[in-house]
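**Q** Next come a sequence and a model predicted from it.
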Number of protein chains: 2
Amino acid sequence: MQTFKVPVGISNRHVHLSEEHIEILFGAGHQLTRTKDLSQPGQFASEEMVTLVGPKGSMPNVRVLGPARKATQVELAATDTFKLGVKPPVRDSGDLSGTPGLELVGPAGKVQIEAGTIIAARHIHMTPEDAEKYGLKDGDHVKVQVNGPRAGVFERVLIRVNPNYALDMHVDTDEGNAFGLKNGDLLDAIIE
Amino acid sequence: MQTFKVPVGISNRHVHLSEEHIEILFGAGHQLTRTKDLSQPGQFASEEMVTLVGPKGSMPNVRVLGPARKATQVELAATDTFKLGVKPPVRDSGDLSGTPGLELVGPAGKVQIEAGTIIAARHIHMTPEDAEKYGLKDGDHVKVQVNGPRAGVFERVLIRVNPNYALDMHVDTDEGNAFGLKNGDLLDAIIE
């Protein structure tokens, strides 16, 4: 049994937008305004926020992450889904077929997406060099041990490998809260 | 390694009130109105709700559970604590010394508690007969395995033994959501 240390990053609910939807929501020719770099190279939190509107309720001030993507994707914690009245599945980023839609409202307009709402499956980003060192490949799964008062084990944590990634485990706020985690905590990933 | 099956109950944020605080919040001589029996014998959800007011924000429609207790206790999910602006520790029910206070507002008045706000530590209720069968005693800890898309292990799950209990594992909404659980799911408790 080999282990390696991985820092955790806790993702709050957020939205990735297509170029087309950025223009509808924020105005023609609009570009996202970078406010903070995220742990993954090139990814950033933007100044822009949208309101999500679901069948049961709405949620204002949801952060847009940049840069623009091919398809708009809304990532919620399960806690959020009850307020909005949607039932998204736990999915890997980009795997959007058959997922629920939502209305997104921005200062310049609104968009009804037909699919794209998910609860993001927890995962670990790493470079090919890290993957080789640990004997892992893209699509593998590991366990991650958490200690402390809310100790436990995350099972089925997906490994994602890309030269542009930095070593980082992504969980959502429900998972971070359930395990008593804070951003940057170093956890033990377990390769079996 | 012995295992046993335990049904899970997911607790939303809620409040237990002292007799004195029931009267201040809902009026002199007021009695809680039972609307639904809970899994633990004698415990019930009441019709009554309060608004919680913290340094950063407030939270309306928080359910009062009955019957009245010796000390008022507010049980939050960690997700709730950010909205209210309080930092309660993970504690066993009743272990309230040094925990943060909050303001509780009801239709007849309000109460400022000096302590009593906690994130409830997950635990399993059982009878002395169950405890004997599994070789456990009050205060022991077990692990609990969860399967499915958000599989994992709860560690350090406290065993609470009392003749008035029914076999049941209590987690909060963050924990239920992080593991993809719904009320009544049967989990495997692991005795080591």
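**A** Received it, and whenever you're ready, just let me know what you need. Predicted model, so just to flag it, every value in this text is computed and none were measured.
**Q** Can you tell me the closest non-neighbouring residue to A:D185?
**A** In space, not counting the residues next to it along the chain, A:D185 is nearest to A:V8; the distance is 5.0 Å by Cβ to Cβ, 6 or more residues apart in numbering or on different chains. To be clear about C-beta, it is placed using only N, CA and C from the backbone, and glycine gets the same treatment.
**Q** Are we agreed that that neighbour is in a helix?
**A** No: using DSSP: H, G, I helix; E, B strand; the rest coil, the assignment for A:V8 is strand, not a helix.
**Q** separation between it and A:T117?
**A** For A:V8, the distance to A:T117 (Cβ to Cβ, to the nearest Å) stands at 24 Å.
**Q** repeat for A:G180
**A** From A:G180 across to A:T117, the span is 27 Å (Cβ to Cβ).
**Q** Looking at the two, which is more packed in?
**A** Per other Cβ atoms under 10 Å in any protein chain shown, whichever of A:G180 and A:T117 has more neighbours is A:T117, with 26 against 19.
**Q** For that one, give the beta-bridge partners.
**A** Beta-bridge partners for A:T117, by DSSP bridges, are A:V74.
**Q** is it true that it touches A:P88?
**A** Yes: applying Cβ atoms under 8 Å as the test, A:T117 and A:P88 come out as touching, 4.4 Å apart.
**Q** Now do the shared contacts for the two.
**A** Overlap between the neighbourhoods of A:T117 and A:P88 consists of A:76, A:99-100, taking contacts as Cβ atoms under 8 Å, 6 or more residues apart in numbering or on different chains.
**Q** Pairing partners for the helix or strand encompassing A:V144, with directions?
**A** Per DSSP states H and E, A:V144 falls inside strand A:141-146. The strands beside strand A:141-146 in its sheet (DSSP bridges) come out as strand A:152-161 (antiparallel), strand A:186-191 (antiparallel).
**Q** Determine which stretch of the ones you listed is the most buried.
**A** When those are scored by mean count of other Cβ atoms under 10 Å in any protein chain shown, the highest mean neighbour count falls to strand A:152-161 (a mean of 21).
**Q** Extract the CA atoms of it and return them as CSV.
**A** Listed next in CSV are the C-alpha coordinates belonging to strand A:152-161 (Å, rounded to 0.1, in the frame of the first residue of the first chain):
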residue,chain,number,x,y,z
GLY,A,152,-13.1,9.1,7.7
VAL,A,153,-12.2,7.9,4.3
PHE,A,154,-13.2,9.2,0.8
GLU,A,155,-13.5,6.2,-1.5
ARG,A,156,-13.6,6.1,-5.3
VAL,A,157,-11.7,9.4,-5.7
LEU,A,158,-11.0,9.8,-9.4
ILE,A,159,-7.5,10.5,-10.7
ARG,A,160,-7.3,13.1,-13.5
VAL,A,161,-4.0,13.4,-15.3
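**Q** next SSE after that strand?
**A** Counting by DSSP H and E, the next helix or strand C-terminal to strand A:152-161 is strand A:168-172.
**Q** relative orientation of that next one and strand A:141-146 in degrees?
**A** Between the axis of strand A:168-172 and that of strand A:141-146 there is an angle of 80 degrees, by axes from the mean of the first three to the mean of the last three Cα atoms, to 10 degrees.
**Q** Against which helices or strands is strand A:168-172 packed?
**A** Other elements packing on strand A:168-172 under the criterion 3 or more Cβ pairs under 8 Å, 6 or more residues apart in numbering or on different chains; DSSP states H and E are strand A:2-11, strand A:117-120, strand A:123-126.
**Q** and it, average pLDDT?
**A** In this model, strand A:168-172 has a mean pLDDT of 97.
**Q** For the top strand by length along chain A, enumerate the helices and strands it packs against.
**A** Across chain A, the strand with the greatest residue count (assigned by DSSP state E) is strand A:58-69. If contacts are counted by 3+ Cβ pairs under 8 Å, 6+ apart, strand A:58-69 sits against strand A:14-18, helix A:19-26, strand A:44-53, helix A:78-84.
**Q** Tell me the buried residues in it?
**A** Residues of strand A:58-69 classed as buried by neighbour count (16 or more other Cβ atoms under 10 Å in any protein chain shown): A:59, A:62-66, A:68-69.
**Q** Likewise for stretch A:162-171?
**A** Along stretch A:162-171, the positions that meet the burial threshold by neighbour count (16+ other Cβ under 10 Å) are A:165-171.
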